[in-house]
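Asker: coords below, sequence missing:
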């Protein structure tokens, strides 16, 4: 049994559910949507088990993913000394990873729509872990560039697969918290990386640190492939399908054609997401790439102290991700349109992060700098979680992987400039001040893109 949507101004009947993920930001533009009664939608024990298994596996994948990404940043000064590299060359190694990662996003979305997260994330994790291990065997800048390119391509499916898994196994009203948990796992990986990797370097050297982390990732990749199943591969009951599809704008699951995928680049909202998320990733990647080096250079911290101090801001970032999930779910349950709830969180978070980043160069102690950077990362990851959440509520189900990969493509192309530009500025000015000012400005510009370009949902082209 289903009831038609009535908006709050006309008075919602007590037995109805108001779920309209494609509502515009302006009131009165929602399309009627029929959904089952909320109290009839119950998770089966099998769905609960699948959700729990999927989130545990995604958590482990995200943690190992960011252990890999953080390893070069933590070993920055040691590798520079052993291989005779300057700050610009280290920045180039950090940038070439994100450039390869961004370019690989374009085929990643369509492939994910066809092959599913089981194969795509399993293969991706295996190959990025293999190249991570090979990083411990390089002896020149050129060799390092090649393995960093391989790592970037291998890691490309990670975030789109996470979005796809949550979109497949959680209905639209329940996606805020799992999305926050998944994103927080990434930042937890970054937060635990500095002390863990610093300790590993002190015990076994930077080469064996890379090799050990790579081997661990290969084991997790095997576990993912053995334990996870795509939604299309499991026979679901009618009640399970109804629960998972409740409130969805479009429950078609056939992949996009090339023409449909190409049409996304003509969509104004898609460009707003691409440009806006670039501001998120520029900030996130600058701190991921250079925070340990910044603390060592600006405040003369040793490797052990840097490991612990560098962890603190990323814990702030993880908190921002987790809190975002609860805030967006709370706003939606309070009657705010799902799209509007995400957009408010994105814009507020980005402007606040920009403000904190602009203040960082004026910190007089390492503690003050860590606190300011922590607040900048709290805000940027609070906003970033809503960026991914926006895809869940503003995009038809069959398009989420493609939209997510295009958004990631654009943002990592932009983010790839952060490490090398910062390295060049440090080599030229012997200071991080200008790099941080540029970062704050890029973040603020990203917020403006969400304000002026992201105003309508991205609908299924077959329904237009």
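Answerer: Arrived safely, thanks for sending. Values in this document were obtained by computation on a predicted structure and should not be read as measured data. Numbering: from 1, shown residues only.

Asker: now the strands for the chain?
Answerer: Using DSSP state E, the strands of the chain run over 2-3, 35-36.

Asker: would you single out the least confident of the ones you listed?
Answerer: Mean pLDDT is lowest for strand 2-3 among these, at a mean of 39.

Asker: pLDDT weak spots in this structure?
Answerer: Within the chain, the segments meeting pLDDT under 70 span 1-41, 247-254, 463-464.

Asker: by residue count, which helix of it is the longest?
Answerer: Across the chain, the helix with the greatest residue count (assigned by DSSP state H) is helix 176-227.

Asker: elements contacting that helix?
Answerer: Packed against helix 176-227 by the contact rule (3 or more CB pairs under 8 Å, 6 or more residues apart in numbering; DSSP states H and E) you find helix 45-74, helix 76-83, helix 117-135, helix 158-169, helix 303-333, helix 366-394. Backbone N, C-alpha and C define where each C-beta goes, glycine included.

Asker: switch those over to CSV; also include distance to residue 462.
Answerer: Supplementary listing: the helices and strands packed on helix 176-227 in CSV, determined by distance: least, CB to CB, whole Å:
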stretch, distance to residue 462
helix 45-74, 28
helix 76-83, 49
helix 117-135, 23
helix 158-169, 18
helix 303-333, 27
helix 366-394, 17
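
Asker: so which of those is nearest residue 257?
Answerer: Nearest of the helices and strands packed on helix 176-227 to residue 257, taken as CB to CB: helix 158-169 at 18.2 Å.

Asker: got the angle for that closest one vs helix 366-394?
Answerer: Here helix 158-169 points in a direction 50 degrees away from that of helix 366-394 (axes from the mean of the first three to the mean of the last three CA atoms, to 10 degrees).

Asker: change the start of the numbering to 424 and stick with it
Answerer: In the new numbering, first residue 424, that becomes helix 581-592.

Asker: packing partners for helix 581-592?
Answerer: In this structure, helix 581-592 packs against helix 468-497, helix 510-538, helix 540-558, helix 599-650, helix 789-817, helix 823-838, with contacts taken as 3+ CB pairs under 8 Å, 6+ apart.

Asker: that one vs helix 510-538, what angle?
Answerer: Here helix 581-592 runs at an angle of 30 degrees relative to helix 510-538 (the same axes, to 10 degrees).

Asker: what's the neighbour count on residue 555?
Answerer: When neighbours are defined as other CB atoms under 10 Å, residue 555 has 32 of them.

Asker: measure it to residue 492 for me?
Answerer: Plainly put, residue 555 is 9 Å away from residue 492 if you go by CB to CB, to the nearest Å.

Asker: equivalent analysis for residue 840, please.
Answerer: To residue 492, residue 840 is 17 Å away according to CB to CB.

Asker: which one of the two has more residues nearby?
Answerer: Higher neighbour count among residue 840 and residue 492: residue 492, with 26 against 19, using other CB under 10 Å.

Asker: ok, residue 466 - contacts?
Answerer: Residues in contact with residue 466 (CB atoms under 8 Å, 6 or more residues apart in numbering) are 474, 666.

Asker: returning to that earlier point: with distance to residue 868 added, can I get the helices and strands packed on helix 581-592 in CSV?
Answerer: Converted to CSV, those look like this (distance: least, CB to CB, whole Å):
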stretch, distance to residue 868
helix 468-497, 24
helix 510-538, 18
helix 540-558, 30
helix 599-650, 22
helix 789-817, 14
helix 823-838, 10
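
Asker: and the nearest residue to residue 703 once chain neighbours are set aside, how many neighbours does it have?
Answerer: By the measure of CB to CB, 6 or more residues apart in numbering, the closest residue to residue 703 outside its immediate chain neighbours is residue 807, 4.6 Å from it. Neighbour count for residue 807, taken as other CB under 10 Å: 30.

Asker: I appreciate the help and will end here.
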